[in-house]
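>>> just the structure for this:
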Amino acid sequence: MQTQLAPQFANTPEGIEAARILGKCVHCGFCTATCPTYQILGDELDGPRGRIYLIKQIAEGQAPTEKTRLHLDRCLTCRNCESTCPSGVQYGNLIDIGRKWAEENTPERPLGQRLTRWALKEGLTKPALFNSAMALGRLVRPLMPSGVKRKIPELKNKALAASTNPYTRPSANHARKMLLLEGCVQPGMLPNINSATARVLDALKIELISAPNATCCGALRYHLNDQSGGLDNARQNIDAWWPLVDQGVEAIVMTGSGCGVMVKDYGHLLANDLKYAEKAKIISELTKDISEILPSLQTELVQLIGNDPKPGVVYHPPCTLQHGQQIRGKVEGLLSSIGIGVRLCADSHLCCGSAGTYSVTQPELSEQLRKNKLAHLNTACEEFDADVIVSGNIGCITHLQQDNKPVLHWIEIVDQLLSKQAS
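Model (predicted):
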């Protein structure tokens, strides 16, 4: 797709990148077949190919409208289209550029949207504020409607071992050390995920440490069109982590794939920042999802847990893992190696509708996708006789909560088995 950049974009890094990405698109339309919003709405402009045309129009100087912005807003950024595309179109990078251009060149959003977006950026990215709100929410949770209850999960899931304290982390020193990004909302919503990860790695003689001055990964601000704020978050994290990188930490561990896909992109996002470009590249190379780390320790894990048959689970692979990071099969392989049968549901490649803040900014579409996903997940549970659904991202886990079956991070299952062996 040939693009003649408008003068205001012609010599900018964003314009040059957009033209390069647009140049790879061959209009084949394979992407529409795997786009969740196109499947629901049936509108070409609510699929990747249509959104690419809209961004091309902006790049060539056509003024975007509020309707343009709406179609770009409706994109989940699930990046399923990238997995489908035979031409290697980097749609995720392009949609961020297109949204920024549309935001800058359309009338100011209605007051309600502006307040919602401000609250999401300022509330969710400040752990002290968010944790206080979450604690208050838990007090009145029984009075909340079901949709709100899902976003205020009980502190400790009943499916976990009764002896497991969600705040307990090991204190042993090990020669091998890795860094953990705690995350913005995860410590307040589901603290057991990070604690379970620390306990599992401790059992494997790896110490998991945190940098006190680390902050939000930046994804939330960046994808809400506060791209400068998102990059500021990235720089703060690089500054916080760098002394520990200098000391030789082996990896930066991500327990939320949404954060992981963002941090792995620091090298690209800060490539034109003379002060941070090289450090950002190294940080991205060090960043690993926990599902990338444990397979190399599979032998040791089998020795600790055994590979005898254990209750099976149904796995929902997050979009940020399978499409954003192009990581597939690792969770299934690891759990299978320790005797846990794993089943994927029908349409496992499709988004559940969480997509960061999407469930707040696009609630109707998000809820439809949630219902579709839960129908497939629960069917798989019935067929496979599984009582637990697992995933690998805080957003998916909280979005898919339901009364009849728990939804956990898969690392919690591994932690539970280690706890049973130790008792």
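
>>> got the domain boundaries for this structure?
7-104, 127-292, 299-422 (automatic domain parsing).

>>> comparing the ones you listed by mean pLDDT, which bottoms out?
Among the domains of the chain, domain 127-292 has the lowest mean pLDDT, at a mean of 86.

>>> and the contacts of stretch 62-71?
43, 45-46, 50-51, 54, 57-58, 99, 101-103, 105-107 (C-beta atoms under 8 Å, 6 or more residues apart in numbering). C-beta coordinates here come from the backbone N, C-alpha and C atoms, glycine included.

>>> mind doing that once more with 7 Å?
Stretch 62-71 has contacts (C-beta atoms under 7 Å, 6 or more residues apart in numbering) with 45, 46, 50, 51, 54, 58, 101, 102, 103, 105, 106, 107.

>>> one more: stretch 273-289?
Against stretch 273-289 from outside (C-beta under 7 Å, 6+ apart): 234-235, 238, 241-242, 245, 251-254, 257, 260, 263-267, 270-271, 321, 325, 327.

>>> only the buried subset of the residues you listed, as a ChimeraX command please.
In ChimeraX, this line selects whichever of the contacts of stretch 273-289 come out buried by 16 or more other C-beta atoms under 10 Å:
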select :234,235,238,241,245,251,252,253,254,257,260,263,264,265,266,267,270,321,325,327
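
>>> in strands, which of the contacts of stretch 273-289 fall?
Among those, the residues falling in strands (DSSP state E) are 252, 253, 254.

>>> what residues sit buried inside stretch 385-405?
Neighbour-count burial for stretch 385-405 [16+ other C-beta under 10 Å]: 386, 388-401, 405.

>>> what's the closest of those to residue 4?
residue 395 (38.4 Å; C-beta to C-beta).

>>> residues touching residue 215, list them.
233, 236, 237.

>>> which SSE is it in?
Under DSSP states H and E, no helix or strand contains residue 215.

>>> phi and psi next, for it.
Dihedral angles of residue 215 (phi, psi; degrees, to the nearest 10) stand at phi -130, psi -160.

>>> quickly note the distance from residue 94 to residue 82.
Per C-beta to C-beta, to the nearest Å, residue 94 is found 10 Å from residue 82.

>>> neighbour-wise, which of those two wins?
Set side by side, residue 94 and residue 82 show more neighbours around residue 94, with 24 against 19, by other C-beta atoms under 10 Å.

>>> give me the nearest residue to the more buried one, chain neighbours excluded.
residue 21 (4.6 Å; C-beta to C-beta, 6 or more residues apart in numbering).

>>> contacts only, for the residue most central in space within the chain.
Centroid-nearest residue in the chain, with C-alpha atoms, centre = their mean: residue 258, separated by 1.6 Å. Neighbour list for residue 258: 219, 320, 356, 393, 395 [criterion: C-beta under 7 Å, 6+ apart].

>>> right, I'll call it a day here.
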